[in-house]
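Peer 1: Got a sequence here, can you build the structure:
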Amino acid sequence: MTFEQIQDMSTESRLKKLRGSGGYIKASVTDEQQVKGNLGGPDLFLAPIGRLDSEVITKYFCNTCEKEFEGSPKIEFENPNEEVAENLILAEKGQYICNSCHASIAEYREFKKQDEQEEVGSAKPLDPQVQSAPQEATASAPQEATASAPQEATASAPQEASTQPGPVTSITSIEGKTVYDENANSVGTAKQVGIDSTQSMVIVITKKDGTEGSISWNSIKKIGEVILLGKPEEADQPGKCPNCGFVNKEGSKFCEECGSKI
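Peer 2: Now for the predicted structure:
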């Protein structure tokens with residue numbers, strides 16, 4: 001098989017189901033788009049892929065209507081080109097909307113660097129419509145909380161050498177830190193910050209078996225020498241699945257993680 005034939009196979013489109021917070025679509029996507037849509041599990045998600053051409057979408061399912069429709073949902077988007085962190089621009093935001101009930105099937109955000117050679121710096125406070133991190137995380141972190149907070153703590157009080165997670169915590173400050181659950185068991189190593197299909201902030205981790213996974217930012221209790229997870233403060237969270245505990249977008253009728261009815 002020639003190199004050109006291998007290239008043609010890698011760019012060949014395949015019909016796939018892509019999940020969103022309010023349903024799913026079926027569309028022809030390339031191998032590269034499949035890689036973007038894979039967040040570490042068996043399902044593919046629409047949000048990381050971004051905006052698809054309506055012509056490649058064959059069907060969509062709306063959780064609100066509880067019905068599958070032929071063709072593409074309505075696609076609306078805008079290009080704010082807003083700087084949300086040092087060297088990080090929100091280039092486009094949009095959503096897939098049901099043609100029947102106008103409910104959101106999925107939302108997406110596309111980011112780009114101003115300088116590809118530079119790293120992304122500390123996140124800036126965002127407008128509520130743009131902010132990806134949960135409101136609970138914002139309330140728990142004062143605006144002064146940055147990655148330098150642990151260095152300001154005295155040697156006599158190591159328990160204070162940590163900071164509550166929030167959108168102003170340096171994105172690069174978590175990279176390489178060991179992640180522990182509430183039972184002090186190591187679950188993996190933090191790799192980067194990302195955004196899941198519900199437009200909520202997550203940390204992408206490399207698990208102990210070498211595979212990738214994601215953890216809700218709202219599940220982080222403390223960030224210091226390590227990242228400590230803990231159960232959310234509030235017992236009843238809007239959109240929380242009673243079966244697996246995954247926090248879905250408020251108003252969702254089905255769990256995006258396990259498919260159970262909420």
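
Peer 1: quick one: the helices in the stretch 1-150 of the chain?
Peer 2: Counting by DSSP state H, counting those that start in this stretch, the stretch 1-150 of the chain has helices at residues 3-10, 31-37, 135-139, 149-152.

Peer 1: where do the strands sit along the stretch 101-250 of the chain?
Peer 2: For the stretch 101-250 of the chain, the strands defined by DSSP state E, counting those that start in this stretch cover 104-112, 178-180, 186-195, 201-207, 212-216, 220-223, 227-229.

Peer 1: Which pLDDT does the model give residue 229?
Peer 2: Model confidence at residue 229, expressed as pLDDT, equals 84.

Peer 1: now do residue 86
Peer 2: For residue 86, the pLDDT comes out at 75.

Peer 1: and what of residue 107?
Peer 2: Per-residue confidence at residue 107 stands at 92 (pLDDT).

Peer 1: what sits against it?
Peer 2: Counting by C-beta atoms under 8 Å, 6 or more residues apart in numbering, residue 107 touches 20-21, 47, 93-96, 199. Placement of C-beta: from N, CA and C, glycine included.

Peer 1: Looking at these, which is nearest residue 188?
Peer 2: Distance from residue 188 was checked for each of those by C-beta to C-beta. The minimum falls on residue 47, at 22.2 Å.

Peer 1: Can you get me a residue count around the closest one?
Peer 2: Other residues near residue 47 come to 26 when the count uses other C-beta atoms under 10 Å.

Peer 1: That one reaches residue 195, doesn't it?
Peer 2: Yes - counting by C-beta atoms under 8 Å, residue 195 is a contact partner of residue 47 at 6.8 Å.
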